[in-house]
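[1] make a model of this:
(chains A and B)
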Amino acid sequence: MADDLSDAQLVARVQRGERAAFDLLVRKYQHRVIKLVSRYVSPPEAQDVAQDAFIKAYRSISGFKGDSAFYTWLYRISINSAKNYITARSRRPASQDVDVDDAEVMGQTEQFSDRDTPEALAESHEVRDAVLSTIRDLPEELRTAITLRELDGMSYDQIAETMGCPVGTVRSRIFRARSAVERRIAALSEK
Amino acid sequence: MDERFSAVLDEEASIEEIEAVIDTVLNDEDARECWTRQYMLKAVLQEEISSQPVTFDAGFADRVMAELYAEDSAQASGRPTQPAPVGLHSIRSRWRQRRRGGRSTGLRTGFGAAAAASIVGVVVFAYAPFGEQNHTPSHSHRTASRSTVNHASVNAPTGLRRTVADNHHNGQPSNRIRHRVPSQQSNNGRWSVSDPALRRELNGYLIQHNGLARNFGLSASTPTFVHAATYRTRTSP
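    Numbering: from 1, shown residues only, chains lettered A, B, ... in the order given. This is a model prediction of the structure:
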């Protein structure tokens, strides 16, 4: 519910012309959208399709009435973008496909971006490992709170009931857990 | 990042808090980076969940119920029980173990028990169905050849009552449990065990061998010389 609230607030700001608010929506949903379109297209293409979907969403956000959740609306746009991409690709002349021998020459083009290089993949694994190991090393009450929230999807009320503590304590514990992970990830990005 | 920020991420903030956090994030580059990283964290954890393989562990429910039963027995005797710690680490270890293709412990134990049964040559299992409590073993169980059977009856609810057979070979107890069983034979001819720890151990034995007995599941993998011994209603000769 509050998710809809925060999205609604951001959408309202975008509709009022505050473009930066859309940046927050992109940052929030980029992983989900990329993962979603990855079901239809290959990972390198997924980034392009997701980008296209966000752009389409921004361009038509003035028509978003809030009848559904923002992500539901974005979901439909993303799926349509992926399907349109597949259709367009099937119509594309073969001559536009890049030959393997030309890969070195075309290295700077979109078709051969560096987004999926071994370095980038290693970095993503590093982040993932850092997140998981940090959570694993947290004090028990923090680890339990963040785990119940993120892995089990419990609300604060449910976590409070489960852990036998006030909701405010749950909120504080989850915040402290997040802060610990935040510091670890931030340290990684500064390396 | 503060608590309000965290609450917004968790969809647990009020409208006022949401507005305040959005204002902060829009006007602070560091806060915006934090916003990005926190949603990345969520994505990482979601990926962990979605990549979790679905496992079908046929013995899981049995093990849970056996543990519950053992804890009930321990509590009834006044012995404190210690719950198994369940944490992220242990959960992930199990996931990873399963991802590596490891078979479930229960299944490995089951096959190990089958091999042991083949070597020993005799596994006898006794089962008392619901409501049958007044029958003597001497009239009721079938045993494998060259074996004699003693029974240690486990105090269980009527519907769950099982009797564990202790194998003898050439008249000698083959199970080490046998030597320290503080048990006594009740009027109905069964053995009762008063030590909760021993009861748990016997329950474990029961669970392991339950699937190996004919008519209890893995009959296809049961050697032909393995039989299920069952209490039956006493009938007149």
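[2] residues near residue 72, how many?
    I'll assume chain A. 10 (other C-beta atoms under 10 Å in any protein chain shown). Backbone N, C-alpha and C define where each C-beta goes, glycine included.
[3] the intended chain is chain B.
    B:D72, neighbours per other C-beta under 10 Å, totals 14.
[4] for B:L198, see how far away it is.
    15 Å (C-beta to C-beta, to the nearest Å).
[5] ok, B:M1 next?
    54 Å.
[6] again, but for A:R27
    Per C-beta to C-beta, A:R27 is found 60 Å from B:L198.
[7] can you list the helices and strands that whichever helix or strand A:E45 is part of packs against?
    A:E45 belongs to helix A:43-60 when elements are defined using DSSP states H and E. In terms of contacts (3 or more C-beta pairs under 8 Å, 6 or more residues apart in numbering or on different chains; DSSP states H and E), helix A:43-60 is packed against helix A:19-37, helix A:70-91.
[8] tell me the mean pLDDT over the longest one?
    Taken as a whole, helix A:70-91 has an average pLDDT of 89.
[9] quick one, it and helix A:43-60 angle?
    120 degrees (axes from the mean of the first three to the mean of the last three C-alpha atoms, to 10 degrees).
[10] what's the angle from helix A:70-91 to helix A:19-37?
    Going by the same axes, to 10 degrees, helix A:70-91 makes 60 degrees with helix A:19-37.
[11] quick one: helix A:70-91 near chain B?
    No - using C-beta under 8 Å from any C-beta of the partner chain, helix A:70-91 stays clear of chain B, with a minimum separation of 11.7 Å.
[12] pull the CA atoms of the following helix or strand past that helix into CSV?
    Counting by DSSP H and E, the next helix or strand C-terminal to helix A:70-91 is helix A:118-137. Taking Å, rounded to 0.1, in the frame of the first residue of the first chain, the C-alpha atoms of helix A:118-137 are listed here in CSV:
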residue,chain,number,x,y,z
PRO,A,118,33.9,-10.4,-17.1
GLU,A,119,34.8,-7.4,-15.0
ALA,A,120,31.2,-6.2,-14.8
LEU,A,121,30.0,-9.7,-14.0
ALA,A,122,32.7,-10.1,-11.3
GLU,A,123,31.6,-6.8,-9.8
SER,A,124,28.0,-7.9,-9.7
HIS,A,125,29.1,-11.1,-8.0
GLU,A,126,31.2,-9.2,-5.6
VAL,A,127,28.2,-7.0,-4.6
ARG,A,128,26.0,-10.0,-4.2
ASP,A,129,28.5,-11.7,-2.0
ALA,A,130,29.1,-8.6,0.0
VAL,A,131,25.3,-8.2,0.6
LEU,A,132,24.8,-11.7,1.7
SER,A,133,27.9,-12.0,3.8
THR,A,134,27.1,-8.7,5.6
ILE,A,135,23.6,-9.9,6.4
ARG,A,136,25.1,-13.2,7.6
ASP,A,137,27.5,-11.4,10.0
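[13] for helix A:118-137, packing partners?
    helix A:140-150, helix A:167-190, helix B:29-50, helix B:88-99.
[14] average pLDDT for it?
    79.
[15] which of the helices and strands packed on helix A:43-60 sits closest to A:D52?
    For A:D52, the closest of the helices and strands packed on helix A:43-60 is helix A:70-91, at 5.0 Å, according to C-beta to C-beta.
[16] just the C-alpha atoms of the closest one, please, in PDB.
    Extracted in PDB, the C-alpha atoms of helix A:70-91 (Å, rounded to 0.1, in the frame of the first residue of the first chain):
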ATOM      1  CA  PHE A  70       2.600   2.200 -11.200                       C
ATOM      2  CA  TYR A  71       4.600  -1.000 -11.500                       C
ATOM      3  CA  THR A  72       1.700  -2.800 -13.100                       C
ATOM      4  CA  TRP A  73       1.500  -0.100 -15.700                       C
ATOM      5  CA  LEU A  74       5.300  -0.200 -16.200                       C
ATOM      6  CA  TYR A  75       5.200  -3.900 -16.400                       C
ATOM      7  CA  ARG A  76       2.800  -3.800 -19.400                       C
ATOM      8  CA  ILE A  77       4.900  -1.200 -21.100                       C
ATOM      9  CA  SER A  78       8.000  -3.300 -20.600                       C
ATOM     10  CA  ILE A  79       6.400  -6.500 -22.000                       C
ATOM     11  CA  ASN A  80       5.200  -4.600 -25.000                       C
ATOM     12  CA  SER A  81       8.600  -3.100 -25.500                       C
ATOM     13  CA  ALA A  82      10.200  -6.500 -25.400                       C
ATOM     14  CA  LYS A  83       7.700  -8.000 -27.900                       C
ATOM     15  CA  ASN A  84       8.100  -5.000 -30.200                       C
ATOM     16  CA  TYR A  85      11.800  -5.400 -30.100                       C
ATOM     17  CA  ILE A  86      11.600  -9.100 -31.000                       C
ATOM     18  CA  THR A  87       9.300  -8.300 -33.900                       C
ATOM     19  CA  ALA A  88      11.500  -5.500 -35.200                       C
ATOM     20  CA  ARG A  89      14.600  -7.800 -34.900                       C
ATOM     21  CA  SER A  90      13.000 -10.500 -36.900                       C
ATOM     22  CA  ARG A  91      12.300  -8.000 -39.700                       C
END
